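**Q** Provided below are the primary sequence and the corresponding predicted coordinates.
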Amino acid sequence: MLAAMIRTLCAAVLVTACSMSASASALTPQPVSTPGADCAAVTGPPPQSVPPTSVNTLRQAYFCVLDNYYSGPAMDSRALLKSALAAYTQDLIRRGADRADLQLPALTGDRDTDWAAFAKVLGTGDPAALRAAITGMVAGLHDNHARWVRPTPPPEGGPVGTGIVGVSAGQGPQFDPAARPPLFITRVLPGSPAAKADIRPGDIMLKVNGVPTVIGDTVNDGIIDAFASDPVRLTLKRPTTGRTRTVEIRQGPVTRQPPKVTSKTLPGGAVYVQLPGFYEGAADQVIAKLQGKPKAVVLDLRGNGGGSPREVTRLLGAFAHGKVTSYFCPLKGDCVPNRTDDSVPLLGSRLVVLTDRACASACDDFSAAVKGNGLGTLVGTRTAGAVSGPGEGYLLDDGSVLILPKVRHLGPAREIIDTIGVPVDHYAPMTALDLATGRDPGVAKALTLL
């Protein structure tokens, strides 16, 4: 869903490059919104030459939310302006630039009148504080598919980063609020600065720039910003030996291969297929790996950050026909059912799906459909529960993009999956020691079931 629009949402605080999806990059750049105009639906990449963020940009974002967000038409516009000014003033305070005359005016609940009063207080506005205001206003929606992003062109010479592109608590651009210690590395890009420093999957992260990664029994969110520093100093513990060391790594060139489906045959004849995302064409790639119609399929969705709802229904069509997979519900009116793509030939295979807390958005959607329709067995850990609804992009006059869901997602029984996730039938978490030694408890459990 959202991941189909912005590749990983720069979720790897550890990799600096972020770009629009490949499908969008082939389109003609979209013209900048003119001053006084409203936000415009994204039809291509944002223009390369844009003005700075202004009060008009904030105005566009404010009315864009009220006009296009799922609950925007019924929303109290005063709450949006409160969130915006709170973030605006906090940014000024952090920079020692607070203003004595800056406070929220009396608001009436009339969106136009209130905006006029609000804009008068801001005056010409501070660009950095205005960016903080838009971020704060969107954060105030408390919606995991609402985002404000500022696409940046890839750096000259290609993407750079540390090469650490997965950690155990990672869940989109933040940490899983239910993450349990320890915090460990799950994926390192080959040939990257991290790989050259002998950092491996399974290495436990004890500190980042001297800041503990765990406080009590909770993963420390404060280290997310520390990852962005260059160089970054990591204190690591290798689970196989117990050895602790501190290593400093600088960002350097990294090579990120496009996502692809991989497969192998497991003992007993079951086919294991790993699907990293529901990107365009992903369902057909999985189906192509299963042309032999194996008796059993182990579909690994761990770390799958989502993608297109169409890919979800198409892949589900290989395992069942005539099923409702989910619902998209507007604020008012009837919910629209999503159904299996019955044009896909049935495989007739038993299905085991491996999930974890990084299985989000369209991955939540797929997992809920499998469990709710009895299409297979879920093994691993509960999914992320980050599936409020598919997001649509709106261009603002500074070239930034506001992503807002128009509908709410419900599971096949009209149950809410968002913020809750889909529970597994068999609990089989991946540990640091498992990664370090090449063991896979999810696959092992799947084999016992098959």
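**A** Looks like it arrived, so ask away. Residues are numbered from 1 along each chain as shown.
**Q** correct me, but residue 267 touches residue 448?
**A** No. Shown here, residue 267 and residue 448 do not form a contact pair, counting by Cβ atoms under 8 Å, at 11.4 Å. In this view, the C-beta of every residue, glycine as well, is placed from N, C-alpha and C.
**Q** I'd assumed residue 217 was in contact with residue 181.
**A** Yes. Between residue 181 and residue 217 there is a contact under Cβ under 8 Å: 6.2 Å.
**Q** the two: who's more crowded?
**A** With neighbours defined as other Cβ atoms under 10 Å, residue 181 and residue 217 compare such that residue 181 has more, 16 against 8.
**Q** contacting residues for the more buried one?
**A** 213-214, 217-219 (Cβ atoms under 8 Å, 6 or more residues apart in numbering).
**Q** ramachandran angles for it?
**A** phi -70, psi 160 (degrees, to the nearest 10).
**Q** what does residue 131 give?
**A** phi -60, psi -40.
**Q** how close does it sit to residue 447?
**A** 51 Å (Cβ to Cβ, to the nearest Å).
**Q** repeat for residue 329
**A** On the measure of Cβ to Cβ, residue 329 and residue 447 end up 39 Å apart.
**Q** looking only at pLDDT, what's the mean for the helix or strand harbouring residue 371?
**A** Remark: residue 371 resides in helix 362-372, with elements defined by DSSP states H and E. In this model, helix 362-372 has a mean pLDDT of 99.
**Q** which strands and helices lie in contact with it?
**A** Secondary-structure packing of helix 362-372 (3 or more Cβ pairs under 8 Å, 6 or more residues apart in numbering; DSSP states H and E): helix 309-316, strand 324-329, strand 350-355, strand 377-380.
**Q** now render those as JSON lines, adding mean neighbour count, mean pLDDT and distance to residue 234.
**A** Output for the helices and strands packed on helix 362-372, formatted as JSON lines (neighbours: other Cβ atoms under 10 Å; pLDDT from 0 to 100; distance: least, Cβ to Cβ, whole Å):
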{"stretch": "helix 309-316", "mean neighbour count": "23", "mean pLDDT": "99", "distance to residue 234": "36"}
{"stretch": "strand 324-329", "mean neighbour count": "21", "mean pLDDT": "99", "distance to residue 234": "40"}
{"stretch": "strand 350-355", "mean neighbour count": "25", "mean pLDDT": "99", "distance to residue 234": "28"}
{"stretch": "strand 377-380", "mean neighbour count": "24", "mean pLDDT": "99", "distance to residue 234": "27"}
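**Q** out of these, which is closest to residue 37?
**A** Across the helices and strands packed on helix 362-372, residue 37 has its closest neighbour in strand 324-329 (28.6 Å, Cβ to Cβ).
**Q** tell me which residues of stretch 289-300 come out buried.
**A** 289-290, 294, 296-300 (16 or more other Cβ atoms under 10 Å).
**Q** just the helices in this protein please.
**A** 22-25, 55-68, 77-94, 111-122, 127-139, 193-196, 223-227, 282-289, 309-316, 362-372, 432-437, 441-449 (DSSP state H).
**Q** can you tell me which of those helices is most buried?
**A** Ranked by mean neighbour count, the helices of the chain are led by helix 362-372 with a mean of 28 (mean count of other Cβ atoms under 10 Å).
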